[in-house]
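# got a sequence here, can you build the structure:
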Amino acid sequence: MKIQFFLLSAVAILFTKVATAQIYPPEPEDFKLATSFEFVVEKQFMQPGNYIMRKEKASNRLQICEDGVTCTMAETTAVHSAEAQTCPMLVFHHYGNKHFLSQIWFPDGTGLQLPISSLELDAARTETNLQAVYVRADLMCIHASKGLAPSWH
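Numbers count the residues shown, from 1 in each chain. I've put the predicted structure just below:
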């Protein structure tokens, strides 16, 4: 009886989480980031893998979605560069074995600067060797006209 109650409770919790999950469908300005290292966005640890990133048009917030459902929001400051990129570029601060997302640059020369988190300040105190790591991202190609799933090119 206890096992059945436990299983029923687990199924109910799973159903509730799936039913209330927000799905973030891809948009044309979104881009894909593939990392082979763990990194930190503000105070959130992000595992190595594939992410969809989106700049909110009405604000300077950045959405980082791991699977289209689980998203992390980051407050940023808009920055500009005279040099335009050919594709989105991310800049990470690297201390020892820790990576912290610092900037995102878009092909139009605009960018987003993330504030330095308390976790990064702690890493800077213990590890004085700061390196910048540049990672290119891919623009997203959406095949929405035929109802096909989004794909990356």
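
# and residue 35, what's its pLDDT?
According to the model's per-residue confidence, residue 35 sits at a pLDDT of 87.

# residues in contact with the closest residue to it other than its chain neighbours?
In space, not counting the residues next to it along the chain, residue 35 is nearest to residue 48; the distance is 5.4 Å by C-beta to C-beta, 6 or more residues apart in numbering. All C-beta atoms are positioned from the backbone trio N, CA, C, and that covers glycine. Contacts were defined as C-beta atoms under 8 Å, 6 or more residues apart in numbering; by that measure residue 48 touches 35-38.

# for residue 48, give me phi and psi.
As for residue 48, its main-chain torsions (degrees, to the nearest 10) stand at phi -60, psi 140.

# wait, which of the contacts of residue 48 is closest to residue 136?
The shortest separation between residue 136 and any of these is 11.2 Å, and it belongs to residue 35 (by C-beta to C-beta).

# go ahead and confirm that closest one touches residue 135.
Yes - in this structure, residue 35 sits in contact with residue 135. The criterion is C-beta atoms under 8 Å, and the distance is 6.6 Å.

# what subset of the contacts of residue 48 is buried?
residue 35 (16 or more other C-beta atoms under 10 Å).

# adding secondary structure and distance to residue 97, write the contacts of residue 48 out as a markdown table.
Converted to a markdown table, the contacts of residue 48 look like this (DSSP: H, G, I helix; E, B strand; the rest coil; distance: C-beta to C-beta, whole Å):
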| residue | secondary structure | distance to residue 97 |
| --- | --- | --- |
| 35 | strand | 14 |
| 36 | coil | 13 |
| 37 | coil | 8 |
| 38 | coil | 9 |
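
# quick check: the farthest pair among the contacts of residue 48?
Using C-beta to C-beta, the contacts of residue 48 span at most 9.4 Å, a distance reached by 36 and 38.

# how about the helices in this structure?
All helices of the chain, identified by DSSP state H, fall at 2-20, 118-126.

# check which helices and strands the last one sits against.
If contacts are counted by 3 or more C-beta pairs under 8 Å, 6 or more residues apart in numbering; DSSP states H and E, helix 118-126 sits against strand 89-95, strand 98-105.

# that one to strand 98-105, inter-axis angle?
120 degrees (axes from the mean of the first three to the mean of the last three C-alpha atoms, to 10 degrees).

# could you tell me the least trusted of the helices of the chain?
If the helices of the chain are sorted by mean pLDDT, helix 2-20 sits at the bottom with a mean of 53.
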